[in-house]
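**Student:** Sequence plus the predicted model coming up.
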Amino acid sequence: MKTKIRSTFISLSVYAILIACYAPQVFPWGSNAHERMTDAACDSLPPEISPFFDKHRQKLAYHSNDPDRWRRELLFRIGLKYEDDLNSGQITEDLRQVFETHGINFPQNASVSLRGKNGRWYITIGEQEYPIRKEADKLYLLGDKADIFENRSAEPVLLGSEGDTHFALDTKEKLLSLTSLNVYKTGDRAEGPRHFLDIDIYGPYPFVELPHDYDEAVAKFGVEDVTKRGLATWRIADYTRLLSEAMKSGDTKKIVGAAGALAHYIEDIHMPLHVVKNYNGQLTNQHGVHQRFEDDMVEAYGEQIHLAPKMASELEDPLEAAFDIVLDSYVYADNLLHADRKAKLGEATYGTPYLEKLFRLSGWIAVQRMNDAATATASYWYTAWLRAGKPELK
Ligand SMILES: [Zn+2]
């Protein structure tokens, strides 16, 4: 029986890969969400600097996804919903090229197979074996050079493990019900912790246990723990300085790059699940909630999310302002988790009925946090410019 299942997987994965295609990159908050917040921030600036940001808004939106690109890069996505196509069995030249373009050597006559080993699943392409990670209705392919967003280590999770009850990849039907298999390549391993701060590890609200000064925090908890729990606030303060320096230098490319990256980190900590230890519902049997909220829901109901941020204002202390954002986000986290749990009640899957309910229950959180993120981004840009001595931006 096992052999039979395995061979089904082998042929399925070959066919699935046949329909591999390039796809736009998808990121936490969704790359789309980052672009929208950054674009909205461009409309919230005082007249002294708004022409510059208006002129470069497209590039700024693009660069606001850079930090996720530094973390890991989506190489390609394999659509898995085309059962009718699953019958030719050949690896096409096109497909070979897709792999090779992305640095995956795919020799002639190479086999592709999917197999379970010690409770984990792997896809083998040629000689190379890549662990697979699954989350909600999506699978992620990991390699020695691969990682996935929101997974803070490259370790693939157990499929069908405890606390992972809503989905186990054990039948052909379930494999075919997946929307996609995303193939990622890892970037800078140090980048991950800069996107979050799990503030509730530091005692009870309002988390006074954590010194806001980085050196003091490290002296108290050690560099390893401080890093593991997240560095976003300090990263934001650093990038504000970097943006000021870029503005002083007058180098447009540097300014746009730094402003885009700064926007990303600010936007990330507006997402309530970027500031709590239960960041993916993994502690409350709500695995995958992170993506369901910020990606699936925001994507599905994007048209109903209207951004109208407030005008930028000067920040007295960029680091303290970042810690304030973390506290603001924190108070939404339980609300969001509660909405996910209620939306799932009576639903077998996380399909459209679930998403509809989730949006009804928590769409307001997305709207509110995205608006606040755009306002904060504009305020940080404005503050960096004031601190640079109000240079003329071209
Ligand atoms: Zn991020």
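**Tutor:** Everything's here; your move.
**Student:** drop to CA atoms for contacts and neighbour counts, all remaining ones
**Tutor:** Noted.
**Student:** So which residues of the protein form strands?
**Tutor:** Listed in chain order, the strands of the chain (DSSP state E) span 20-21, 72-79, 112-117, 120-125, 128-135, 138-141, 180-186.
**Student:** lowest-confidence stretch among those strands?
**Tutor:** Among those, strand 20-21 has the lowest mean pLDDT, at a mean of 30.
**Student:** buried set for the helix ranked longest in the chain?
**Tutor:** The residue-count maximum for a helix in the chain (DSSP state H) belongs to helix 352-387. Buried residues in helix 352-387, counted by 16 or more other CA atoms under 10 Å: 354-359, 361-363, 365-385, 387.
**Student:** helices and strands around that helix, which ones?
**Tutor:** The contact analysis (3 or more CA pairs under 8 Å, 6 or more residues apart in numbering; DSSP states H and E) places helix 352-387 against helix 30-42, helix 232-249, helix 252-270, helix 318-344.
**Student:** could you check the angle helix 252-270 makes with the shortest one?
**Tutor:** Looking back up the chat, that one is helix 30-42. Interaxial angle, helix 30-42 versus helix 252-270 (axes from the mean of the first three to the mean of the last three CA atoms, to 10 degrees): 110 degrees.
**Student:** Let me see the mean pLDDT of helix 30-42.
**Tutor:** Helix 30-42 comes out at a mean pLDDT of 90.
**Student:** helices or strands up against that helix?
**Tutor:** helix 50-55, helix 57-63, helix 252-270, helix 298-300, helix 352-387.
**Student:** in the shortest one, what counts as buried?
**Tutor:** Neighbour-count burial for helix 298-300 flags 298, 299 (criterion: 16+ other CA under 10 Å).
**Student:** Could you measure from the residue lying closest to residue 41 once chain neighbours are set aside over to residue 389?
**Tutor:** Leaving out its chain neighbours, the residue that sits closest to residue 41 by CA to CA, 6 or more residues apart in numbering is residue 374, at 4.5 Å. According to CA to CA, to the nearest Å, residue 374 stands 23 Å off from residue 389.
**Student:** Residue 335 now?
**Tutor:** Relative to residue 389, and taking CA to CA, residue 335 is found at 42 Å.
**Student:** More neighbours: those two, which one.
**Tutor:** Between residue 335 and residue 389, counting by other CA atoms under 10 Å, residue 335 is the more crowded of the two (15 against 12).
**Student:** Kind regards, and thank you for your time.
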